[in-house]
Structures are given as C-alpha cells and as structure tokens.
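Asks: all I have is the shape, not the residue letters:
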C-alpha cells in the first residue's frame with residue numbers, strides 16, 4: 001500500500017469538521033489533454049472496491065421464478081417483470097422506484113421492455129439495469145455489485161465517485177482509491193498522463209490532493 005496515499009486520506013479525515021451525520025468519502029478526478037466531446041474518450045467504468053463502500057446498497061432485480069428466489073435470498077428486492085408495463089404508464093411510481101434503489105439488475109430478456117418503459121428515467125441517473133445473462137449467477141452478480149461503484153465522466157473532464165465512508169479505516173479507503181485509479185489509468189488513452197489531478201475529501205470537508 002502507498003504510505004503517502006494513506007497519509008493523505010488520514011489528513012482528509014482528520015481535517016474534516018465534525019458533522020451530525022456520517023459523511024461519504026469522495027474522489028474528484030480531473031483529466032487533461034483529452035477531448036471529452038468524443039464519446040469514445042468518455043469514462044464509464046465499473047470498479048469493484050476491495051473494501052466496499054461502507055454502506056448497504058439497495059438492489060432491485062427484475063426477475064421471475066428460481067432467479068427471483070435466489071436474488072431475494074441474496075439480499076436484493078425482487079420486482080415482478082409483469083409490473084414493467086404498469087411502470088410505463090405510471091411515471092410517478094416509476095420515478096419513486098428509480099429513487100428507491102441504488103442499482104438495478106434485470107434478466108436479459110426484460111431489458112428491451114425496461115429500456116422502453118424506464119430508460120428515460122434510469123439512464124440519466126446511471127441506473128440502467130445490469131443485464132443478467134444465462135451465463136451469470138445472480139447471487140455472484142449481486143455480491144459483486146454491492147462492492148462496486150460506477151465511475152462516469154459523461155462529457156466532463158472533472159467528475160466524482162464515492163470510495164468509502166468517514167468511519168472506515170484510512171488504509172481501507174486508500175485501497176479503494178488505488179483500485180479506482182488503477183482502472184481509470186488503464187481506461188485512458190495515455191494512462192496517467194491524461195490525469196491532471198485527483199483529490200480526496202469527505203462530503204463537506206476540505207480536499208487533499210492524492211495525485
């Protein structure tokens with residue numbers, strides 16, 4: 001583990017004013033020398049955090065039968081695919097559902113229906129379902145997504161992602177940061193040379209540069 005990174009995380013945590021709620025710990029990433037108007041250059045990564053986010057994510061799964069039973073046993077909520085048509089007609093209920101869950105999973109055959117019924121609501125929120133294809137195990141997928149974050153730049157050179165909570169050990173947060181930056185560097189055309197700077201902070205605390 002990078003000792004300097006751990007020390008920077010400790011600084012960000014120690015310099016943050018005390019709040020009456022548990023803050024998240026976030027990364028702010030700034031890129032350079034890259035044209036984000038080109039869709040091929042935009043960042044859209046799923047990163048599995050070695051130590052998780054430090055909070056329970058709410059997962060909704062569009063599934064039936066045995067898959068639905070196993071998803072429920074794995075801690076997810078099951079949404080009956082028969083409700084998709086009703087959600088298309090009831091935008092208020094669809095918006096509430098979009099807010100209710102952090103992540104959606106859907107058996108692959110329901111993806112076209114969901115895209116048509118809820119795509120306009122879910123896509124801007126980065127919540128389009130992860131397709132559950134026949135070669136994937138729903139329990140393993142739920143477990144992986146519970147420990148994952150989505151890093152999305154859209155067309156901006158500055159973007160943010162959560163890497164933990166303020167009550168986590170600094171070493172655990174630093175390992176999560178290292179996982180995000182390793183995957184980000186691998187995805188950029190010129191790797192680390194496309195990264196201008198990276199800062200870590202709690203939700204309302206001062207930023208500390210880590211790169």
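Replies: Thanks, I have it. Computed from a predicted structure; not experimentally measured.

Asks: gap between the one helix or strand residue 120 maps to and the chain center?
Replies: If you go by DSSP states H and E, residue 120 is part of helix 111-122. Average the C-alpha atoms of helix 111-122, do the same for its chain, and the two points are 19 Å apart (CA atoms, centre = their mean, to the nearest Å).

Asks: list the buried residues for that helix?
Replies: Within helix 111-122, the residues that count as buried by 16 or more other CB atoms under 10 Å are 111, 113-114, 117-118, 121-122. In short, each C-beta sits where N, CA and C put it, glycine included.

Asks: which residues does residue 35 contact?
Replies: Residue 35 sits next to residue 41 when contact means CB atoms under 8 Å, 6 or more residues apart in numbering.

Asks: report pLDDT for it.
Replies: Predicted confidence (pLDDT) at residue 35: the value is 96.

Asks: ok, residue 125 next?
Replies: pLDDT recorded at residue 125 is 88.

Asks: against residue 3, how distant is the closest residue in space to it that isn't next to it in sequence?
Replies: Once flanking residues are discounted, residue 125 sits nearest to residue 98: 6.0 Å by CB to CB, 6 or more residues apart in numbering. If you measure residue 98 against residue 3 using CB to CB, to the nearest Å, the figure is 42 Å.

Asks: out of the two, which sits in the busier spot?
Replies: Neighbour totals were compared for residue 98 and residue 3, and residue 98 leads with 17 against 9 (other CB atoms under 10 Å).

Asks: and the protein, what are its domains?
Replies: Structural domains annotated on the chain: 1-42+152-207, 57-143, as defined by the TED database.

Asks: in JSON lines, list those along with distance to residue 49.
Replies: Formatted as JSON lines, those follow (distance: least, CB to CB, whole Å):
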{"stretch": "domain 1-42+152-207", "distance to residue 49": "4"}
{"stretch": "domain 57-143", "distance to residue 49": "11"}
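
Asks: pull up the distance across stretch 101-114, start to finish.
Replies: Taking CA to CA, to the nearest Å, stretch 101-114 runs 15 Å from one end to the other.

Asks: and the average pLDDT for that stretch is what?
Replies: In this model, stretch 101-114 carries a mean pLDDT of 96.

Asks: quick one: the helices in the chain?
Replies: Using DSSP state H, the helices of the chain run over residues 3-15, 65-73, 84-89, 91-100, 111-122, 138-146, 170-187.

Asks: what mean pLDDT does the third one get?
Replies: Yep, that's helix 84-89 we're talking about. Taken as a whole, helix 84-89 has a mean pLDDT of 93.

Asks: what of the first one?
Replies: Helix 3-15 shows a mean pLDDT of 96.

Asks: so how far is that helix off the chain centroid?
Replies: Distance of helix 3-15 from the chain centroid (CA atoms, centre = their mean) equals 23 Å.
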